[in-house]
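Chemist: Need a 3D model of the sequence below.
(2 chains)
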Number of protein chains: 2
Amino acid sequence: MSVKQSRNGGCGGGSCSGRGASDPQDQHITDALIQIKNKIIVMSGKGGVGKSSFASNLAVALAGKGLPTGLLDVDLHGPSIAGMLGIKGLLDVSEDQQVIPKTVGDHLKVVSMQSLMQDPDQAVIWRGPAKTGIIRQFIADVRWDDLDFLIVDSPPGTGDEPLSVAQTIPGAKALIVTTPQDVALADVRKSINFCRTVNLEILGLVENMGPFACPCCGETIDPFKSRGGQITAETMGVTFLGTLPFDPQVVESCDEGRPIASSGHAGPFVDALDGVVRAIISSL
Amino acid sequence: MSVKQSRNGGCGGGSCSGRGASDPQDQHITDALIQIKNKIIVMSGKGGVGKSSFASNLAVALAGKGLPTGLLDVDLHGPSIAGMLGIKGLLDVSEDQQVIPKTVGDHLKVVSMQSLMQDPDQAVIWRGPAKTGIIRQFIADVRWDDLDFLIVDSPPGTGDEPLSVAQTIPGAKALIVTTPQDVALADVRKSINFCRTVNLEILGLVENMGPFACPCCGETIDPFKSRGGQITAETMGVTFLGTLPFDPQVVESCDEGRPIASSGHAGPFVDALDGVVRAIISSL
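Modeler: The predicted structure follows:
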């Protein structure tokens, strides 16, 4: 059964933005989120910094520690989480019209926009207010049950979608992902200011695509420069959670639907990710 | 003088979307674009594939051939073109309230959203309809004069902003940039379908961040896999314009405000870019 048969089916348009306190969807959202201890919105100012790949690996690593974890992909235009976790097919809905997440291993539940689309190659050309409606509905209608962590893969930038996510998930904290180069950092400063403007607490900043060791000679190269994320975090008064090295295997494992954190790999990326995960857990 | 004092000043809101045939802004847009021979919208399904870096290098390379070229950055959330071309300060407006592009060298004119912002670190938290209004106004109010090429750096994805750009620039053609890995290619297929849905002709596809030669041992690595862009172009019936190698100097030169095409560099990236530029010129 397709999730399109939603109990809030009509709420994809601009009318959702004029909600009153009595909007039944607000109660559905509260009900959907009440059993979740920690909600983390993974954001980036700029696309292509490995945000979705990091969100997948973070969720897999948390679940790998036996912590019940949910992963929600709300990127309407480029949802990639389902592919990265090897999830196929549409989501099921229960008799009372709640979306049932896909399960990956023992402790991970996943809901992705990708799993709502009959044709994954179809572009979603929705204007802003429709996006707000679909994101709220999407969050309201999922049956997560008890979770220690909900990791939300937000679309990049500071537009409608991250704004809707931030406004719809009370108590969420932002985790900002960047690469070290200046062009990305300019957008990170915007993301930090965005979070502060919308009163979204910032958990910290992760620097992705750091040093790369040539597999042939072992020489270390900085494909996207170095230390920019750390310096920006310090300058802007944000916790720095760590640097993840650049590793083509991270790209390959995500393309294959098995994030590197789940695939039994060892090495510098997995070690660095574990350090980031421990920093996140200890900061909550 | 800041460009905020525009002749269409009030048109930043949702009312712009209900335009009739008599909207004077339509005439301003026609006037602004009439002296431009070729309009190319540089798009990507996914962020971070080097779209802005490619758009900058393409514009610089065209101007370097003596062809009068304009470069317009309409990414409201992460405008990066000004920084990549070392442009500082706000844009000037003429007495008749037209935006005067910044000039770079002899043949390149540049207009970027970045040059409209008093504080470049401030996040722009605009909802969809406001974005459509500002993009239309932005295109209507620039005095480009005679150009052989206008390169438009569109925001990534298939949302409000590329839709507004496509609808506002009649006769424009899309150039889609991707990296070779599957996660990016899924979004490229969406971009191609987006262009077809909104009747935007596709000039071709460029594969960026291809093979990387270790500067120490010379060994070639594919940091984001290989040939995915070419195969996707062939499968989807889109012209393949070429592969650009991954080169950390491209990142560095953009961060320094001097795109590699302008900085007297030679090497595989500049050679491959020249091939792409020639393929573009011959296809028009």
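Chemist: Do a quick rundown of the helices in the stretch 51-200 of chain A.
Modeler: Taking DSSP state H, counting those that start in this stretch, the helices of the stretch 51-200 of chain A run over residues A:51-64, A:81-84, A:128-140, A:160-168, A:182-197.
Chemist: so where does A:Ile40 fall, helix or strand?
Modeler: Using DSSP states H and E, A:Ile40 maps to strand A:36-43.
Chemist: Which elements pack onto that strand?
Modeler: Other elements packing on strand A:36-43 under the criterion 3 or more C-beta pairs under 8 Å, 6 or more residues apart in numbering or on different chains; DSSP states H and E are helix A:51-64, strand A:147-153, helix A:160-168, strand A:173-178. Any C-beta I mention is one placed from the backbone N, CA and C, and that applies to glycine too.
Chemist: ok, and what's touching the last one?
Modeler: Applying C-beta atoms under 8 Å, 6 or more residues apart in numbering or on different chains, the external contacts of strand A:173-178 come out as A:38-46, A:49-51, A:54, A:58, A:166, A:184-185, A:187-188, A:191-192, A:195, A:200-208, A:228-229, A:232, A:238, A:241, A:280, A:284.
Chemist: which among these end up buried?
Modeler: Neighbour-count burial (16 or more other C-beta atoms under 10 Å in any protein chain shown) is assigned, among the contacts of strand A:173-178, to A:38-46, A:49-51, A:54, A:58, A:166, A:184-185, A:187-188, A:191-192, A:195, A:200, A:202-208, A:228-229, A:232, A:238, A:241, A:280.
Chemist: so what's the residue most central in space within chain A up against?
Modeler: Closest to where the C-alpha atoms of chain A average out (C-alpha atoms, centre = their mean) is A:Asp153, at 1.6 Å. With contacts defined as C-beta under 8 Å, 6+ apart, A:Asp153 is in contact with A:Val42, A:Lys51, A:Ser52, A:Ala55, A:Ser56, A:Leu71, A:Leu72, A:Asp73, A:Val74, A:Asp75, A:Ile81.
Chemist: now, which of those sits nearest B:Thr179?
Modeler: Closest approach to B:Thr179 among the contacts of A:Asp153 (C-beta to C-beta): A:Ser52, at 13.7 Å.
Chemist: Please work out how many residues are found near that closest one.
Modeler: 30 (other C-beta atoms under 10 Å in any protein chain shown).
Chemist: Now it: closest residue in space that isn't a chain neighbour?
Modeler: The spatially closest residue to A:Ser52, leaving aside those adjacent along the chain, is A:Ser80, at 4.7 Å (C-beta to C-beta, 6 or more residues apart in numbering or on different chains).
Chemist: Any idea which of the helices and strands packed on strand A:36-43 gets closest to B:Gln137?
Modeler: helix A:160-168 (19.2 Å).
Chemist: Figure out how far the closest one is from the centre of its chain.
Modeler: Using C-alpha atoms, centre = their mean, to the nearest Å, the mean C-alpha position of helix A:160-168 is found 12 Å from that of the whole chain.
Chemist: quick one: is it near chain B?
Modeler: Yes: using C-beta under 8 Å from any C-beta of the partner chain, helix A:160-168 reaches chain B at A:Asp160, A:Leu163.
Chemist: before we move on, back to that, which of the helices of the stretch 51-200 of chain A comes out lowest on mean pLDDT?
Modeler: Ranked by mean pLDDT, those bottom out at helix A:128-140, with a mean of 80.
Chemist: which helices and strands sit right next to it?
Modeler: helix A:24-33, helix A:160-168, helix B:128-140.
Chemist: one more time with 6 Å, if that's ok
Modeler: helix A:24-33, helix A:160-168 (3 or more C-beta pairs under 6 Å, 6 or more residues apart in numbering or on different chains; DSSP states H and E).
Chemist: Buried by neighbour count: which residues of that helix qualify?
Modeler: A:128-140.
Chemist: Looking at those, which is nearest B:Asp119?
Modeler: A:Gly128 (23.5 Å).
Chemist: Against A:Pro156, how distant is A:Ala233?
Modeler: Between A:Ala233 and A:Pro156 the distance is 18 Å, computed by C-beta to C-beta, to the nearest Å.
Chemist: Neighbour count: these two, which is higher?
Modeler: A:Pro156 (30 against 23).
Chemist: Name the nearest residue to that one, ignoring sequence neighbours.
Modeler: A:Gly47 (4.1 Å).
Chemist: Please verify my assumption that the one you found contacts B:Gly50.
Modeler: No: with contact defined as C-beta atoms under 6 Å, A:Gly47 does not count as touching B:Gly50 (10.8 Å).
Chemist: By neighbours, which of the contacts of A:Asp153 wins?
Modeler: A:Ser56 leads the contacts of A:Asp153 on contacts (other C-beta under 10 Å) with 33 neighbours.
Chemist: hang on, the earlier thing: could you count how many residues lie near the residue nearest to A:Ser52?
Modeler: Using other C-beta under 10 Å, A:Ser80 has 26 neighbouring residues.
Chemist: Kindly report the same for A:Ser94.
Modeler: Residues near A:Ser94, counting by other C-beta under 10 Å: 11.
Chemist: Contacts only, for it.
Modeler: When contacts are counted by C-beta atoms under 6 Å, 6 or more residues apart in numbering or on different chains, A:Ser94 touches A:Ile100.
Chemist: let's go with 8 Å and repeat that
Modeler: A:Ile100, A:Arg143.
Chemist: How many residues are close by A:Leu67?
Modeler: A:Leu67 has 18 neighbouring residues, counting by other C-beta under 10 Å.
Chemist: Actually, A:Arg227.
Modeler: Residues near A:Arg227, counting by other C-beta under 10 Å, number 13.
Chemist: Also A:Ile231?
Modeler: Per other C-beta under 10 Å, the neighbour tally for A:Ile231 reads 14.
Chemist: Mind telling me what element it is part of?
Modeler: helix A:228-236.
Chemist: So for stretch A:242-255, what gets flagged as buried?
Modeler: Buried residues in stretch A:242-255, counted by 16+ other C-beta under 10 Å: A:242-248, A:250-255.
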